[in-house]
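Peer 1: Everything below, folded, please.
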Amino acid sequence: MNYLHYLEKEIHSVIAATVDDNGLPVTCAIDIMDSDEKGLYFLTAKGKGFYHRLKKNEYVALTGIHAGDTLSRAAVSVRGKVQEIGKTPLLRLFEKNPYMNEIYPSEESRQALTVFHLYEGSGEWFDLSKKPIERASFTIGSKQEEKQGYEITQKCNGCRTCQTVCPQDCIDFSIVPAVIRQGNCLHCGNCFHVCPQKAVIRRG
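Peer 2: This next block holds a predicted model:
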């Protein structure tokens with residue numbers, strides 16, 4: 001699945017997080033204007049605090065959730081490095097997102113706008129509409145994937161204590177040591193806390 005394309009087309013509006021001069025988190029709503037194999041593209045005005053935070057830290061984290069009730073939602077989260085690429089892509093972004101002509105109707109009013117490219121980072125897909133839940137991780141650019149969640153080690157003796165507390169029943173006991181199906185795991189940590197053999201370790 002092309003998660004970046006889904007984020008652009010199916011979700012579009014996301015909450016973006018940056019940090020201020022005191023290292024405190026600041027969030028705002030932005031639209032993902034374009035995506036391709038090289039990353040995500042969005043724009044902002046140079047007079048906004050969001051612009052200055054991006055320029056200072058060159059990093060952003062964002063999350064978008066598909067509309068619907070909680071148990072029918074899918075979410076995509078991305079975090080990574082950004083760079084300002086200027087006005088050159090503006091025409092393309094306005095053509096792809098014609099509603100922007102209502103917000104910035106003239107060439108003069110668009111003088112403040114500039115485009116940012118999220119070109120390297122990592123992301124996660126999380127789908128609560130599936131039973132069990134579905135999750136997947138992905139990377140952008142040269143970023144190396146970082147393992148998250150929990151893993152069962154050779155200390156496992158197959159006692160199945162962890163199975164009793166797993167909310168998604170995503171632990172495979174057909175072999176020992178048992179294996180957590182990472183694509184269905186909530187990362188809740190129940191298995192880690194109850195394992196009498198201390199066979200579960202946290203990844204990342």
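
Peer 1: looking at it, residue 55 is touching residue 84, isn't it?
Peer 2: Yes. At 6.8 Å, residue 55 and residue 84 qualify as touching, with contact defined as CB atoms under 8 Å. Yep, even glycine has a C-beta here, placed from its N, CA and C like the rest.

Peer 1: Start and end of stretch 159-173, how far apart?
Peer 2: 9 Å (CA to CA, to the nearest Å).

Peer 1: Now the most centrally placed residue in the chain: closest residue in space, sequence neighbours ignored.
Peer 2: Nearest to the mean C-alpha position of the chain, counting by CA atoms, centre = their mean, stands residue 77 at 1.4 Å. Closest residue to residue 77 apart from its sequence neighbours, by CB to CB, 6 or more residues apart in numbering: residue 63 at 4.4 Å.

Peer 1: if you average pLDDT over the lengthiest strand in the chain, what comes out?
Peer 2: Counting by DSSP state E, the longest strand found in the chain is strand 113-127. Predicted confidence along strand 113-127 averages 97 (mean pLDDT).

Peer 1: Likewise for stretch 155-174?
Peer 2: Rounded mean pLDDT across stretch 155-174 is 97.

Peer 1: how near is residue 81 to residue 187?
Peer 2: Applying CB to CB, to the nearest Å, the value for residue 81 to residue 187 is 24 Å.

Peer 1: residues contacting the residue nearest to residue 172 when sequence neighbours are not counted?
Peer 2: Nearest residue to residue 172 in three dimensions, chain neighbours excluded: residue 179, at 4.6 Å (CB to CB, 6+ apart). Contact analysis of residue 179 by CB atoms under 8 Å, 6 or more residues apart in numbering lists 152, 171-172.

Peer 1: So what touches stretch 7-15?
Peer 2: 27-35, 40, 62-66, 76, 78.

Peer 1: Now the terminal residues of that stretch, how far apart.
Peer 2: Using CA to CA, the end-to-end distance of stretch 7-15 comes to 12 Å.

Peer 1: mind giving me the domain ranges of this structure?
Peer 2: 3-140, 150-202 (automatic domain parsing).

Peer 1: Could you say which helix or strand holds residue 29?
Peer 2: Applying DSSP states H and E as the criterion places residue 29 in strand 25-31.

Peer 1: Give the partner strands of that strand in its sheet and their orientations.
Peer 2: Strand 25-31 sits in its sheet next to strand 13-19 (antiparallel), going by DSSP bridges.

Peer 1: quick check: mean pLDDT across the partner strand?
Peer 2: Here the average pLDDT along strand 13-19 is 98.

Peer 1: Would you mind pulling up the elements that the top helix by length along the chain packs against?
Peer 2: Longest helix of the chain, by residue count under DSSP state H: helix 49-57. Counting contacts by 3 or more CB pairs under 8 Å, 6 or more residues apart in numbering; DSSP states H and E, helix 49-57 is packed against strand 13-19, strand 25-31, strand 39-45, strand 74-86.

Peer 1: thought residue 188 was touching residue 167?
Peer 2: Yes. Shown here, residue 188 and residue 167 form a contact pair, counting by CB under 8 Å, at 6.4 Å.
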